[in-house]
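Chemist: Could you look at this predicted model? Sequence included:
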Amino acid sequence: MARVTLKNLVKVYDGVKEPTIRNIDLDIKDKEFMVLVGPSGCGKSTTLRMIAGLEEITEGEIMIGEQIVNDLAPKDRDIAMVFQNYALYPHMSVYDNMAFALKLRKMAKDEIEKKVKDAAKILSIEDYLDRKPKALSGGQRQRVALGRAIVREPKVFLMDEPLSNLDAKLRVQMRAEIIKLHRKLDATIVYVTHDQIEAMTMGDRIAIFDKGVIEQCDTPAVVYSKPSNIFVASFIGSPSMNFIKGKFDGENLVVSENLKIPLLKKPEGLSLYKDKDVILGIRPEHIYTPDSSMSKVIEYSNEELLSVSVDVIEPMGNEKHCNFILDGKFLVVRLEPDVKTDYNETVKIFFNKEKLHFFDPATTKRI
Amino acid sequence: MFKKKSNREKFFKTIVHILLIIGAFVMLFPFFWMVSTSFKTQSEINDNPTALFPNEYNFNNYRQAWKAGSSAGFGRYFFNTIFVATITTMGQLILSSLAAFAFAFLDFPHKERIFLLLLGTMMIPQQALLVPDYIILHKLGWLDTYLALIVPWVCSAFSIFLMRQFFRGIPKELFEASRIDGSSTLGFYFRILIPLSLPVMLTAGMFSFLGSWNSFIWPLIVTSADELRVIQVGLANFAQAEGTQWGLLMAASTFCTVPLIVGYFFVQKKFIQGIATSGMKD
């Protein structure tokens, strides 16, 4: 097991002007489950492939443990990788797939057998060892791919969207299994995904990528509660955060002539923005109506109530997602299913004043 | 409505099958005629040239033709052809698959351009190359040797193209996974790529073997010694010498074609699969 350090990492592909990765710094601690997440094309997979040694490094340094691995071949980096499409060797049995790397390392036969059987037991694929990958379901194939990585006992596990080929139900199940596996193996894992739910549920820390840079790297709780800029705020959380632009007059956010949102709790930095534009961010789950159960917990005054009209209501069973219109703009709100909302009726809502986020419209950074 | 449609489909299917049967008949009749004539005696052929079947099956023509083939005989021609075709095919499979592997999996400067150049060579007609190739072999001193029959054919742009297309259907992740697992580049080629590519290897091998078996002009101009003659050249010589002995000629033609047809039957299924598959079904 080892830590992985990326220093000032740059990747420029031949014939492409813009760098794919721009000066990334990232320190992945020993035994940490680090998730790299971001929209497609953000550079997360490229970063992982550079750690694996499958892509050349244009500039910068990658260290695994105490060793700089820039010029080491993938096989000498002591890593194992799990691919999105499993990448199992189709002509080999499950056993041979898992034993392949060990055979290449000239390990003794009985030792190989023990390791493969142990890994198969952890993943409950003991019954399929003689089968070819063709005869396995997607979930079983993914287990074999994990098994192939486990038997190696590598310093670092690299996983490139390993669950995205599975159906929704299986994905949730495998997600839990990988979390358990991480605890059991006590291994350093670098996990790439575009799915923010996977990122939030699995990662010890999350690095959010956009356009080749890391926008924020922190624990899921911090990333959720203190997003460092508008991109992170909108990427993490589903449905995404609402943003309202207005002028800060010292007490209120003046959105238009008709709409003033009173700001009763303000971060310190906001005073610098007096008479300037700011963007207010509020998550759908932090907006309530006087009928919400949270209205009994959170104090609010009549002054804080805002009138909205109903556009669309999406009942989810356990909750409902409401698209309200506030002063001509959409506002997504998550409400309990039994809170009254009717089409063609005005609804009163209020914001949880502890959960307001403020961003600078020019830099998009958190205030 | 439904019934009408199925009737129409039936009608079209019948038409297609009738056309196919006519086509097959046109293709197969010369072969049938060749085999049938090979069993007839010369007098039988003269008396009734259009008889479909021989009066009795006599193998004399075969015996005579096998021995008659001027000095070296068909035994020698067969040996030469099989020897040359086998070495050529093996060479082609090894060299072409290595080249195709590089084109499909490795990165090197100007890869696409080099590949296009290679494809371009397929557009040069063989006739245009006969003279320059002959001169090169002459300068190398290879004329009238097995080298002249083999070396120019051990690599083929077509096989490279065929294999590269097949290899491109094999996920690149397999290559990457094997590199991480500790396999070398050649290790991947031998342990993973080749076992997965048997259909295309068989197809390319068959093309190469057939081409070598049927080649005529090239062996004719680069060899003159009788011991180096291959089957097609031997057969042509035989036809010249025994031109009016139809029975003998047809017997010789039959034993020159039958081995290939039999061989094709055995690998037919894989052969078609090799041409048809562009990718991997997992």
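Modeler: Yep, it's here. Numbering: from 1, shown residues only, chains lettered A, B, ... in the order given.
Chemist: which stretches of chain A have low pLDDT?
Modeler: Low-confidence segments of chain A, defined by pLDDT under 70: A:1.
Chemist: need the longest strand for it.
Modeler: strand A:306-315 (DSSP state E).
Chemist: what pairs with the helix or strand following that one, and is each one parallel or antiparallel?
Modeler: The C-terminal neighbour of strand A:306-315 among helices and strands, as given by DSSP states H and E, is strand A:320-326. Strand pairing for strand A:320-326, determined by DSSP bridges: strand A:306-315 (antiparallel), strand A:329-335 (antiparallel).
Chemist: and the residue nearest to residue B:74 when sequence neighbours are not counted, what is it in contact with?
Modeler: Distance criterion Cβ to Cβ, 6 or more residues apart in numbering or on different chains; nearest residue to residue B:74, sequence neighbours excluded, is residue B:66 at 5.2 Å. All C-beta atoms are positioned from the backbone trio N, CA, C, and that covers glycine. Shown in contact with residue B:66 (Cβ atoms under 8 Å, 6 or more residues apart in numbering or on different chains): B:73-75, B:252, B:255.
Chemist: what about the strands in chain B?
Modeler: Going by DSSP E, chain B shows no strands.
Chemist: Name the spans of it whose pLDDT lies under the cut-off.
Modeler: B:1-5, B:68-72, B:243, B:273-282.
Chemist: one more time with 80
Modeler: Within chain B, the stretches with pLDDT under 80 are B:1-6, B:49, B:67-73, B:242-244, B:267-282.
Chemist: So which residues on it come close to chain A?
Modeler: Residues of chain B lying near chain A by Cβ under 8 Å from any Cβ of the partner chain: B:171, B:173-174, B:176-183, B:187, B:192, B:195-196, B:280, B:282.
Chemist: Now with 7 Å, please.
Modeler: B:171, B:173-174, B:176-177, B:179-183, B:192, B:195-196, B:280, B:282 (Cβ under 7 Å from any Cβ of the partner chain).
Chemist: longest helix anywhere in chain A?
Modeler: Criterion DSSP state H: the longest helix present in chain A is helix A:168-185.
Chemist: Would you mark the buried spots in that one?
Modeler: The neighbour-count criterion (16 or more other Cβ atoms under 10 Å in any protein chain shown) identifies A:171, A:174-175, A:177-178, A:181-182, A:185 as the buried residues of helix A:168-185.
Chemist: Which SSE is immediately downstream of it?
Modeler: strand A:188-193.
Chemist: Parallel or antiparallel, which strands does that following strand pair with?
Modeler: Partners of strand A:188-193, by DSSP bridges, with direction: strand A:33-37 (parallel), strand A:156-160 (parallel).
Chemist: Residues touching it, excluding its own?
Modeler: A:1-4, A:28, A:30-37, A:44-45, A:48, A:51, A:155-161, A:182, A:199, A:202 (Cβ atoms under 7 Å, 6 or more residues apart in numbering or on different chains).
Chemist: got the angle for it vs helix A:168-185?
Modeler: 160 degrees (axes from the mean of the first three to the mean of the last three Cα atoms, to 10 degrees).
Chemist: what's the longest helix of chain A in contact with?
Modeler: A:33, A:122, A:138-139, A:142, A:150, A:163, A:166, A:189, A:198, A:201-202.
Chemist: now, the most widely separated pair of the residues you listed?
Modeler: The distance between the two most remote of the contacts of helix A:168-185 (Cβ to Cβ) is 22.9 Å, for A:33 and A:138.
Chemist: what's near enough to touch residue B:133?
Modeler: residue B:152.
Chemist: Just give me the residue closest to the centre of the chain.
Modeler: Just so you know, I chose chain A. residue A:199 (3.0 Å; Cα atoms, centre = their mean).
Chemist: Sorry, I should have been clearer: chain B.
Modeler: Most central in chain B (Cα atoms, centre = their mean) works out to residue B:210, at 1.5 Å.
Chemist: For stretch A:184-197, give the distance from the opening residue to the closing one.
Modeler: One end of stretch A:184-197 to the other measures 22 Å (Cα to Cα, to the nearest Å).
Chemist: Could you list the buried residues of that stretch?
Modeler: Applying 16+ other Cβ under 10 Å to stretch A:184-197 flags A:185, A:187-196 as buried.
Chemist: Stretch A:54-71 now?
Modeler: A:54-55, A:57, A:60, A:62-65, A:69.
Chemist: before we move on, what about stretch B:257-264?
Modeler: Result for stretch B:257-264 [16+ other Cβ under 10 Å]: buried residues residue B:257.
Chemist: ditto for stretch A:357-367
Modeler: Buried, per 16+ other Cβ under 10 Å, within stretch A:357-367: A:357-360, A:366-367.
Chemist: residues from the stretch 1-150 of chain A in reach of chain B?
Modeler: A:52, A:54, A:74-75, A:79-81, A:83, A:85, A:87, A:89-91, A:100-101, A:104-105, A:133-134.
Chemist: one more time with 10 Å, if that's ok
Modeler: Within the stretch 1-150 of chain A, the positions adjacent to chain B are A:14, A:49, A:52-54, A:56, A:73-77, A:79-92, A:97, A:100-106, A:132-134, A:141, A:145, A:148-149 by Cβ under 10 Å from any Cβ of the partner chain.
Chemist: Mind checking which of those residues land in strands?
Modeler: Using DSSP E, the residues of the stretch 1-150 of chain A next to chain B in strands are A:79-82.
Chemist: Buried ones from the residues of chain B next to chain A, can you make that a PyMOL selection?
Modeler: Buried residues within these, by 16+ other Cβ under 10 Å, are selected in PyMOL with:
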select buried, chain B and resi 171+173+174+176+177+179+180+181+182+183+192+196
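Chemist: Would you agree the residue nearest to the centre of chain B is in contact with residue B:259?
Modeler: No - using Cβ atoms under 10 Å, residue B:210 is not in contact with residue B:259, being 11.2 Å away.
Chemist: quick one on the thing from earlier: okay, and the residue nearest to the centre of chain A sits in which element?
Modeler: Per DSSP H and E: helix A:196-202 holds residue A:199.
Chemist: next one: residue A:6
Modeler: Going by DSSP H and E, residue A:6 is part of strand A:4-11.
Chemist: what's the angle from that strand to strand A:156-160?
Modeler: Using the same axes, to 10 degrees: strand A:4-11 against strand A:156-160 is 40 degrees.
Chemist: for strand A:4-11, packing partners?
Modeler: Judged by 3 or more Cβ pairs under 10 Å, 6 or more residues apart in numbering or on different chains; DSSP states H and E, the packing partners of strand A:4-11 are strand A:21-28, helix A:44-52, strand A:59-64.
Chemist: What angle do strand A:188-193 and the longest one make with each other?
Modeler: What separates the directions of helix A:44-52 and strand A:188-193 is an angle of 150 degrees, with the same axes, to 10 degrees.
Chemist: Using CSV, list the CA coordinates for helix A:44-52.
Modeler: The C-alpha trace of helix A:44-52 is given here as CSV (Å, rounded to 0.1, in the frame of the first residue of the first chain):
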residue,chain,number,x,y,z
LYS,A,44,-10.2,12.4,-14.9
SER,A,45,-9.6,9.3,-17.0
THR,A,46,-6.5,10.7,-18.5
THR,A,47,-5.2,11.4,-15.1
LEU,A,48,-5.9,7.8,-14.0
ARG,A,49,-4.2,6.4,-17.2
MET,A,50,-1.2,8.5,-16.5
ILE,A,51,-0.9,7.0,-13.0
ALA,A,52,-1.3,3.6,-14.6
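Chemist: Any idea how far that helix is from the middle of the chain?
Modeler: 16 Å (Cα atoms, centre = their mean, to the nearest Å).
Chemist: Same question for the shortest one.
Modeler: Taking the mean C-alpha point of strand A:59-64 and that of its whole chain, the gap between them comes to 23 Å (Cα atoms, centre = their mean).
Chemist: Over to stretch A:19-31?
Modeler: 15 Å.
Chemist: got the CA positions of that stretch in PDB?
Modeler: Extracted C-alpha coordinates of stretch A:19-31, given in PDB (Å, rounded to 0.1, in the frame of the first residue of the first chain):
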ATOM      1  CA  PRO A  19      -3.700  20.800 -22.700                       C
ATOM      2  CA  THR A  20      -6.100  18.000 -21.500                       C
ATOM      3  CA  ILE A  21      -4.600  18.200 -18.000                       C
ATOM      4  CA  ARG A  22      -3.400  21.600 -16.600                       C
ATOM      5  CA  ASN A  23      -1.000  21.500 -13.700                       C
ATOM      6  CA  ILE A  24      -2.700  19.200 -11.400                       C
ATOM      7  CA  ASP A  25      -1.500  18.700  -7.900                       C
ATOM      8  CA  LEU A  26      -3.100  15.900  -5.900                       C
ATOM      9  CA  ASP A  27      -1.900  14.000  -2.800                       C
ATOM     10  CA  ILE A  28      -3.700  10.600  -2.400                       C
ATOM     11  CA  LYS A  29      -3.000   9.300   1.100                       C
ATOM     12  CA  ASP A  30      -2.100   5.700   1.900                       C
ATOM     13  CA  LYS A  31      -5.200   3.500   2.100                       C
END
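Chemist: Thanks a lot, see you next time.
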